[in-house]
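Peer 1: the sequence and its predicted three-dimensional model are supplied below.
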2 protein chains.
Amino acid sequence: MSDRIANAQLRNKVMTAAEAAQFVNHGDKVGISGFTGAGYPKALPTAIAERAKEAHARGDEYMIDLFTGASTAPDCDGVLAEADAIHFRTPYQSDPILRSKINDGTSYYMDYHLSESGMYVQQGFFGQMNVAIVEAVRITEEGHIVPSSSVGNNVEYLDAAEKIIIEVNSWQSEELEGMADIYRIAPLPNRQPIPITEPGQRIGNTYIDIDLDKVVAVVETDAPDRNAPFKPIDDQSKQIAGHFLDFLEGEVRAGRLTYDGYIMQSGVGNVPNAVMSGLLDSKFENIKAYTEVIQDGMVDLIDAGKMTVASATSFSLSPEYAERMNKEASKYRETIILRPQQVSNHPEVVRRLGLICTNGLIEADIYGNVNSTNVVGSRMMNGVGGSADFTRNGLVSSFITPSDAKGGAISAIVPMVSHVDHTEQDVKVIITEYGYADLRGLAPRQKVEKMIALAHPDYRPMLQDYYDRALAEAKANKTMQTPHLLDEALSFHQRFKETGSMKLS
Amino acid sequence: MSDRIANAQLRNKVMTAAEAAQFVNHGDKVGISGFTGAGYPKALPTAIAERAKEAHARGDEYMIDLFTGASTAPDCDGVLAEADAIHFRTPYQSDPILRSKINDGTSYYMDYHLSESGMYVQQGFFGQMNVAIVEAVRITEEGHIVPSSSVGNNVEYLDAAEKIIIEVNSWQSEELEGMADIYRIAPLPNRQPIPITEPGQRIGNTYIDIDLDKVVAVVETDAPDRNAPFKPIDDQSKQIAGHFLDFLEGEVRAGRLTYDGYIMQSGVGNVPNAVMSGLLDSKFENIKAYTEVIQDGMVDLIDAGKMTVASATSFSLSPEYAERMNKEASKYRETIILRPQQVSNHPEVVRRLGLICTNGLIEADIYGNVNSTNVVGSRMMNGVGGSADFTRNGLVSSFITPSDAKGGAISAIVPMVSHVDHTEQDVKVIITEYGYADLRGLAPRQKVEKMIALAHPDYRPMLQDYYDRALAEAKANKTMQTPHLLDEALSFHQRFKETGSMKLS
């Protein structure tokens, strides 16, 4: 047995994943570790999926309600979705098989703010949680759990669940111990200010203390996180990143930012990675991140001495960078802090620190409303994730996107978004390869020209034509706040559904 | 000269409103006091409007950018709008003349979160503020300003403006001194936790300290706030209030709330007043309010000993209650605290305290998205106000509304809202005279039945028919997250535009 299980009581609970899965019953609410492919349980999901398949083969029902930190991996969300074992899922996902099960109606999906999902469990709004399944680097002599490569909602699930299953994964470096900063936000009515006034402060423990009597099983694993490579940075991403850096430089020129005052929040992806690559060669120094996820580009900034603190709740690294993190965790834990997602994304801290936030989008409209979740209004892509936690409360909230998608068939700028995740009040800057639109301090009509200039040239005349006619009608009807033609507002999307392209044929 | 101006330097600045208005120039950014008709400057707006009219008569341009706390009054927003003197307005308004000027395109309106507007000024996102015009109860010997019946964004405007004009209004009771609790949220990068852990804590001063050298004028006034009577509580409001109280009782039964644990945020209006009337006869005790505005119903709760603390940034009282407040301010200031709106609405405090929030709406859709601002998608009513500050960060965010409007021509429940101010993630409970829909923990499709049950019976079959057909299409297309028929989603609104009613003829 692994010496990573130092507590005697819990050593007695070691068993196989198949044995442990017997504690997970049909209808259970199951809260697991895992955030962007890091730190999810590696064995139980497959074992639970097997139970589900066996039950279904017998003609029995077997589905669970699955709560995570955020997205997980094919050997977690994927196997469970494939076994039709997920009845309800929250707060975020990105697995292709699960996505298809959500969109075909097999699974219900409550797309929800990542900062609120743990609080929701704490306050009992989901009812009783039955099982928590959490991956650990090791279990201490006292029975404390040292979380692995993500913290997510571990604390809330471990506190709330009736039963606990721990996976101890020997693939995860033991040197990760010390990276986590576990701070419990008290349930009501005892909440106190969160004492973080800069991203690098540690305010808690390196472990999670749990009720040992709730532990029903400990399972040993040795399996890697789901770490996918980033694409090489292409020209379009470089252009978008360049415009973002121009925006930052403009803030410095305006006296609203200093070269050592940039506190970053960044969504995950190839364009954000290009932004970080651009920052390597910029005048910005002492960059701090208060964000959800550490990705490759941040590690490069840390290595280059450009980023001095990175606070997050998880990693999303390429296989190469994940290996490096595992090897050199004792070095990186000087700079990197992993917090519970209720803390990493907390409105209180986000607002206090003055973050410059950067997230992706599916589409934005001419008045700056943003859709981050539902393609053509109805088909779920991934979810809102933490984007709204940061966008609503950040100092300057920006969105970066190529101006089109699907070879030009979809415009990222539309007359009216088909689903709203970020309102016109919250969206401050939008950036495409054609430049940036600074929407701060503008009324809706004052935003339109800037937004149309961000669109792909093929779509600009269509957008201008829509706005011109909407404006003429609004003048006549005295509805000038946000001119729209209601019978055409969603026509780009309707055309895409009918013809496969938003373009006029 | 009034003995309310105790500072010698400022006594030398006393002049008429017409003289003071000469300091306000075309193109100026002018930040004024005033929130829901309380504490706005009574003389300068008319004097500025006169300047504008004279300039326009000469063929000269004269318009200002006007920043307030929230809505003001006919003798403030109204006179300025009538004189076509408002080029840009933020963050909230409700004046009929100004509204018509916004909707006919004369004035630009940036509808904005009340908690963020002051911060936006602090951080320089609007550029240099030129003039602050603030109503005071009195000026102390040191030259400190004692705010009158609202605090709003006074601190931020006084700090940021190049010139200050103070109106000392002898109509306002001097006993209001002590009600305000002035706490400055430091600009970045020096922000600290706001040390409020319960609604009744006082954390600041009773006055605003200012740079005396910026004061260009002091004007004496003796004029009442705009205090409009509330309507008598009608049966429908009573029904809605009854369902809200049922919801609260349900929370107690579920163990998520105690009879002495209700912390209220409430929008202003007749239905909220009915809720407060209902609370008078309820089992709830020691009710606390952490809200924007003190209205009649809260005063009744205080008088009855049911409400022990009311924290807000302003009053919105009927004339009768305003008179009582003025007479008995020394008594009420034991229970009532007026804070800067950046504090009264701050996401940090709202989240920490665990507010049960209740606001009005224009329309909600079958998936729980809420439109609070734009009628039929384009015509501005009032604005988002503080509703999003509270809705996003509150513990349970509810919306209360009659199921229809305009004699049944408008349904409050529609297939898709024509403008989104509160996203499906944020809206937890919706209440009409037909009951309450508890949307917590539900995926979009799970919400639909509950939402349709809230609609007026005349509209239920239309909504059900829309959803049935959207669901069938979504099943075929595998777009089951949020089924919509894009070419019909806004058809209720289109029909209203064309026929004057959302009903099928």
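Peer 2: Happy to help now that I have it. If you're wondering where the values come from, they're calculated on a predicted model, not measured in any experiment. Residues are numbered from 1 along each chain as shown, chains lettered A, B, ... in the order given.
Peer 1: enumerate the residues of the stretch 101-250 of chain A near chain B.
Peer 2: Counting by C-beta under 8 Å from any C-beta of the partner chain, the stretch 101-250 of chain A comes close to chain B at A:102-105, A:108-113, A:116, A:120, A:123-127, A:188-189, A:191-195, A:197. No exception for glycine: its C-beta is placed from N, CA and C like everyone else's.
Peer 1: which of the residues you listed count as buried?
Peer 2: The neighbour count (16 or more other C-beta atoms under 10 Å in any protein chain shown) marks A:102-103, A:105, A:108-113, A:116, A:120, A:123, A:125-126, A:188, A:191, A:193-194 as buried among those.
Peer 1: residue A:411 contacts residue A:502, correct?
Peer 2: Yes. Using C-beta atoms under 8 Å, residue A:411 is in contact with residue A:502, at 5.2 Å.
Peer 1: shared neighbours, the two?
Peer 2: Shared contacts of residue A:411 and residue A:502 (C-beta atoms under 8 Å, 6 or more residues apart in numbering or on different chains): A:459, A:492.
Peer 1: what about residue A:323, which SS state?
Peer 2: helix (DSSP: H, G, I helix; E, B strand; the rest coil).
Peer 1: if you look at the buried ones among the residues of the stretch 101-250 of chain A next to chain B, which of them are in helices?
Peer 2: In helices, judged by DSSP state H, the following of those are found: A:102, A:103, A:116, A:120.
Peer 1: residue contacts, the closest residue to the last one other than its chain neighbours?
Peer 2: Spatial nearest neighbour of residue A:120, excluding adjacent residues (C-beta to C-beta, 6 or more residues apart in numbering or on different chains): residue A:126 at 6.1 Å. Residue A:126 is in contact with A:29, A:65, A:67, A:120, B:441, counting by C-beta under 8 Å, 6+ apart.
Peer 1: who wins on neighbours among these?
Peer 2: Most neighbours among the contacts of residue A:126, by other C-beta atoms under 10 Å in any protein chain shown: residue A:67, with 28 neighbours.
Peer 1: which stretches of the stretch 251-400 of chain A form strands?
Peer 2: When secondary structure is read from DSSP state E, counting those that start in this stretch, the stretch 251-400 of chain A shows strands at A:263-266, A:287-290, A:293-295, A:307-312, A:314-316, A:336-338, A:356-359, A:363-365, A:370-371, A:374-375, A:379-380, A:396-400.
Peer 1: among these, which is nearest residue B:493?
Peer 2: Comparing the strands of the stretch 251-400 of chain A against residue B:493 with C-beta to C-beta, the closest turns out to be strand A:363-365 (16.4 Å).
Peer 1: what lines up beside the closest one in the sheet?
Peer 2: Paired strands of strand A:363-365, with direction, are strand A:370-371 (antiparallel), strand A:413-414 (parallel) (DSSP bridges).
Peer 1: so how far is that strand off the chain centroid?
Peer 2: In terms of C-alpha atoms, centre = their mean, to the nearest Å, the centre of strand A:363-365 is found 20 Å from the chain centre.
Peer 1: average pLDDT across that strand?
Peer 2: Strand A:363-365 shows a mean pLDDT of 98.
Peer 1: and stretch A:19-26, by the same measure?
Peer 2: The average pLDDT for stretch A:19-26 rounds to 98.
Peer 1: what is the end-to-end distance of stretch A:358-374?
Peer 2: The first residue of stretch A:358-374 is 19 Å away from its last residue (C-alpha to C-alpha, to the nearest Å).
Peer 1: isn't residue A:372 right up against residue A:380?
Peer 2: No. The pair residue A:372 / residue A:380 is not scored as a contact, 10.9 Å apart, by C-beta under 8 Å.
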